[in-house]
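[1] Need the 3D shape of this:
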Amino acid sequence: MSITVRAHSAASTRRLLGIGVIFGATVVVAACGSSGSTSSGSSGSAAGGASSSSSSSSPSAASNAGSSSGVTVSAKSVSGLGTVLVNQKGQTLYMLTTEKGGKITCTASSGCLHAWPEIDLPSGAKAATAGSGVKSSLLGTVKGGAGKTEVTYNGWPLYTFIGDSSAGQAKGQALTNFGGTWYVLNTAGDPVTAKVTSSTSNSSSSPSTGSGGGGGYGY
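    I've put the predicted structure just below:
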């Protein structure tokens, strides 16, 4: 009688052990699947966050890059002339007497823009920047002789002079050519008509002073 009971117990034990093994394997597989899903989700979330961060920073960088006009008009002391207008490179700026009120007479076809390069805004810029000593309210624009947006100050279109080889020079001061006379401007926007005799002047050259529309510039 006792032998029958022991045989029955051994069989039951084997069945219980088999069920336990199958259950344990099922739990392990389920745990692995859950872990893989979580890891994948985390990676996807991280990648999505990085992508979002990258895309949101790009417009800001583009906005900062386009915030500057590229042209700054400032005031600087030039020997023999006082404080006058200069560009961002320190080059002296000039106006032409025939262009009062923004009327353009210095054109590419006459050769004027070769000797007197106009101050143009870069494409997309709306205005020049007022630097030290300059009144922003006097800055403006006009369609220049090259068909671009030219910077003006107190209504005068602005130019540099090809004869000024470095900052601080004013060799174009009081030259008469291309139908008018060229002067520097003070911070009030008025022409400075003084003739200089210092090293910044054009006294060593012999430009034509004719009032015709042609060249005759010297430098």
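
[2] just so I have it, where are all the strands in the protein?
    72-78, 82-86, 94-96, 129-130, 139-143, 149-153, 156-157, 176-177, 180-185, 191-192 (DSSP state E).

[3] wait, which of these is closest to S123?
    With respect to S123, and counting by C-beta to C-beta, the nearest of the strands of the chain is strand 149-153 at 8.7 Å. Heads up, the C-betas are built off the backbone N, CA and C, glycines and all.

[4] ok, back up a step: mind putting the strands of the chain into JSON lines with mean neighbour count, distance to A167 and mean pLDDT?
    Written out in JSON lines, the entries for those read as follows (neighbours: other C-beta atoms under 10 Å; distance: least, C-beta to C-beta, whole Å; pLDDT from 0 to 100):
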{"stretch": "strand 72-78", "mean neighbour count": "19", "distance to A167": "8", "mean pLDDT": "97"}
{"stretch": "strand 82-86", "mean neighbour count": "20", "distance to A167": "7", "mean pLDDT": "98"}
{"stretch": "strand 94-96", "mean neighbour count": "26", "distance to A167": "14", "mean pLDDT": "98"}
{"stretch": "strand 129-130", "mean neighbour count": "16", "distance to A167": "18", "mean pLDDT": "98"}
{"stretch": "strand 139-143", "mean neighbour count": "17", "distance to A167": "20", "mean pLDDT": "97"}
{"stretch": "strand 149-153", "mean neighbour count": "24", "distance to A167": "18", "mean pLDDT": "98"}
{"stretch": "strand 156-157", "mean neighbour count": "27", "distance to A167": "21", "mean pLDDT": "98"}
{"stretch": "strand 176-177", "mean neighbour count": "22", "distance to A167": "23", "mean pLDDT": "97"}
{"stretch": "strand 180-185", "mean neighbour count": "22", "distance to A167": "13", "mean pLDDT": "98"}
{"stretch": "strand 191-192", "mean neighbour count": "20", "distance to A167": "17", "mean pLDDT": "98"}
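
[5] Quick one: closest of those strands to H114.
    Closest approach to H114 among these is made by strand 176-177 (11.8 Å; C-beta to C-beta).

[6] Report the strands that pair with that closest one, each with its relative direction.
    Strands that pair with strand 176-177, judged by DSSP bridges, come out as strand 180-185 (antiparallel).
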